[in-house]
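structure for this input, please:
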Amino acid sequence: MYKQLQKDDLSSNMIENHIENLNKLGFEWDFHQNQWNKRYKELVTYVEKCGHTRVLNLSLGNWACRQRLEYKQLKKGDLSSKMTSDRIESLNKIGFVWDCVAEPRRKIYATL
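Numbering: from 1, shown residues only. Sure, this is the predicted structure:
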């Protein structure tokens, strides 16, 4: 209903007063984006501590791997990919390695 109200769909039963009350309670309107933002902040902290995005932590590493998969899907034209240009830009800002296999080879070749 909230998304309908955002689109100015007046048939929505949710009134603005209810929305305000839910906002005051800290209701998450876009759970998936909020989860992505939370993981991204964890990755930023990891990069600050370790200096790279090749995450060894199992949970955060799985998330980073998922971002790589979503990126590959997007590049192949798969419309089901959840990767967005904003997410790509954010990950690029912290030096995210999109291809963990190719990255070590690039560094070796750069030293030759």
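
list the helices and strands whichever helix or strand K49 is part of packs on?
Following DSSP states H and E, the helix or strand that holds K49 is helix 31-50. Packed against helix 31-50 by the contact rule (3 or more Cβ pairs under 8 Å, 6 or more residues apart in numbering; DSSP states H and E) you find helix 58-75, helix 85-93. Heads up, the C-betas are built off the backbone N, CA and C, glycines and all.

can those go into TSV with extra columns for mean pLDDT?
Listed next are the helices and strands packed on helix 31-50 as TSV, based on pLDDT from 0 to 100:
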stretch	mean pLDDT
helix 58-75	95
helix 85-93	97
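
quick one, which of these is packed in tightest?
helix 58-75 (a mean of 15; mean count of other Cβ atoms under 10 Å).

quick one: that one to helix 85-93, angle?
Put simply, helix 58-75 runs at 120 degrees to helix 85-93, going by axes from the mean of the first three to the mean of the last three Cα atoms, to 10 degrees.

hmm, who's touching helix 58-75?
39, 42-43, 46, 53, 55, 80-83, 87-88, 91, 96, 98-100 (Cβ atoms under 8 Å, 6 or more residues apart in numbering).
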